[in-house]
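*Asks:* I would like the atomic coordinates for the input below:
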Amino acid sequence: MLHSILMALFGGALIGLAASLMLVLNGRVTGISGITNGLLSFVKGDYAWRAAFVGGLLGGGFILGQLHPEFFENTTGRPSVMIAVAGLIVGFGTVLGSGCTSGHGVCGIARFSPRSLVATLVFMLVGMASATLLKAILG
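*Replies:* As a prediction, the model looks like this:
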């Protein structure tokens, strides 16, 4: 259990460091949905760093999957199609919420943004309510 706690703390510290470096060195907020949206919109002059960022996320996931495939096993008992649809719904929600948890929750709250605080609270409350409701319905 101590190992899990230490790994979570280390991971959180790395996320905070990466978000801080992105803001200090590039003047950009590390919001994954905003970065991806800008990549898919083909914003001229802004494309290369976004492609490198998203490529790093995908490449890191691929490498981790090769080294530890057990991390990617579906242990939810839900069909993979359901999980994929849930991911698409989350993506749609990031467009509606003008950002994602990484942008609002990690970067926005750290910058004392009232909008990000409200957005993060709404994300968390709706997520908890949805999970509770779906568990009651689907078992």
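*Asks:* residue nearest the centroid of the protein?
*Replies:* Ser102 (5.2 Å; Cα atoms, centre = their mean).
*Asks:* output stretch 43-57 as CSV, nothing but the C-alphas.
*Replies:* Coordinates of each C-alpha in stretch 43-57 appear next as CSV, following Å, rounded to 0.1, in the frame of the first residue of the first chain:
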residue,chain,number,x,y,z
VAL,A,43,-3.7,26.3,-36.3
LYS,A,44,-0.8,27.6,-38.3
GLY,A,45,2.4,28.3,-36.4
ASP,A,46,0.9,26.4,-33.4
TYR,A,47,0.8,22.9,-34.9
ALA,A,48,4.3,21.5,-34.2
TRP,A,49,4.4,21.8,-30.5
ARG,A,50,0.9,20.5,-30.2
ALA,A,51,1.7,17.5,-32.4
ALA,A,52,4.8,16.8,-30.3
PHE,A,53,2.8,17.0,-27.1
VAL,A,54,0.1,14.7,-28.3
GLY,A,55,2.6,12.4,-29.9
GLY,A,56,4.5,12.2,-26.6
LEU,A,57,1.3,11.3,-24.8
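*Asks:* run through the residues that contact Leu6.
*Replies:* Counting by Cβ atoms under 8 Å, 6 or more residues apart in numbering, Leu6 touches no other residue. C-beta coordinates here come from the backbone N, C-alpha and C atoms, glycine included.
*Asks:* Phe53: how many residues sit nearby?
*Replies:* Phe53 has 20 neighbouring residues, counting by other Cβ atoms under 10 Å.
*Asks:* Cys100 now?
*Replies:* 23.
*Asks:* that one touches Ser33, doesn't it?
*Replies:* Yes: between Cys100 and Ser33 there is a contact under Cβ atoms under 8 Å: 4.0 Å.
*Asks:* so what sits against both of the two?
*Replies:* Joint contacts of Cys100 and Ser33 (Cβ under 8 Å, 6+ apart) are Thr94.
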